[in-house]
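Undergrad: when you get a sec, could you give me coordinates for this:
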Amino acid sequence: MVTDDVARRDPVIVQSLFLPAAIVVLDQVTKLLVEKTVPTGAGISVLGGLVEISRIYNPGSALGVLSTARVPIIVSCLVVAAWIIVVAQGIHKHLGEKLRLGAGMVVGGAAGNLIDRIRLGHVIDFIDVHIWPVFNVADIAVCVGAAVLIYSLVIGNPGGRNSK
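TA: Numbering: from 1, shown residues only. Presented below is the predicted three-dimensional model:
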C-alpha cells in the first residue's frame, strides 16, 4: 500500500493512481448528491442563471452523441484496462508529467462514467450551461485530460526527459 509520505514525494504516484481515484470519487459523490436532491426534469439555477443543475439520464456516449451505450462501455473498459497495464508494468514512470496528468484524468473520467453504465445502464449528467449538452464531472475530466494529452503530444515533449 502506498503511504501518504510516498505520495507526497512522488508526483508520479499521485498522477497515476490517486488522480484517477479522486476523479472517480468526486464524480460519484456529485452524481449521488444530484440523484438525492434534484428531481428528474427539474433544474436549480446557479451562478446567476449561467449554469443549471438538472438530472438527465444519458444512455448514449459522451455528451449524448450516440444512442447506444455499447461503444462507450467498450472504449471505457479498454482505456481503464490499458492504464492498469501501464501502471502495473511501471511504464507510467517513464512518461512525461503532462502525459501522466492527461492520462490520469481520462482514466478517472472513463471509470466514473463506466461505473454509472454498469450500475444504472446509463450515465447521470447534471451540469447544464445551455449552449452545450448536459455533462458531469467525469466528462470534464475526460475532455480536459484529452486536451492535455493532445497538447503534450503535439506541442510538449512526450518523451519525458525534459518534460515538466
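Undergrad: what's downstream of the longest helix anywhere in the chain, the next helix or strand?
TA: Taking DSSP state H as the assignment, the helix of the chain that covers the most residues is helix 97-120. Stepping forward along the backbone from helix 97-120, the first helix or strand reached (DSSP states H and E) is strand 123-128.
Undergrad: give me the mean pLDDT for that following strand.
TA: Averaging pLDDT along strand 123-128 gives 90.
Undergrad: can you pull the buried residues of the longest helix of the chain?
TA: When burial is assessed from 16 or more other CB atoms under 10 Å, helix 97-120 yields the following buried residues: 97-117. Yep, even glycine has a C-beta here, placed from its N, CA and C like the rest.
Undergrad: is it fair to say G145 lies in a strand?
TA: No - when DSSP: H, G, I helix; E, B strand; the rest coil is applied, G145 is found to be helix, with no strand at that position.
Undergrad: name the nearest residue to it, sequence neighbours excluded.
TA: Closest residue to G145 apart from its sequence neighbours, by CB to CB, 6 or more residues apart in numbering: M105 at 2.8 Å.
Undergrad: please enumerate the strands of this protein.
TA: With DSSP state E as the definition, the chain shows strands at residue ranges 43-46, 51-58, 123-128.
Undergrad: so which of those strands is nearest D27?
TA: strand 123-128 (9.3 Å; CB to CB).
Undergrad: if we can go back for a sec, winner for burial among the strands of the chain?
TA: Sort the strands of the chain by mean neighbour count, taking mean count of other CB atoms under 10 Å, and strand 123-128 sits at the top with a mean of 22.
Undergrad: and that strand, what does it pack onto?
TA: When contacts are defined as 3 or more CB pairs under 8 Å, 6 or more residues apart in numbering; DSSP states H and E, strand 123-128 packs onto helix 19-37, strand 51-58, helix 97-120, helix 137-154.
Undergrad: what's the span of stretch 37-50, first residue to last?
TA: The first residue of stretch 37-50 is 20 Å away from its last residue (CA to CA, to the nearest Å).
Undergrad: just the buried positions in that stretch, please.
TA: Within stretch 37-50, the residues that count as buried by 16+ other CB under 10 Å are 38, 43.
Undergrad: now swap in stretch 23-31 and tell me
TA: Neighbour-count burial for stretch 23-31, counted by 16+ other CB under 10 Å, picks out 23-24, 26-28, 30-31.
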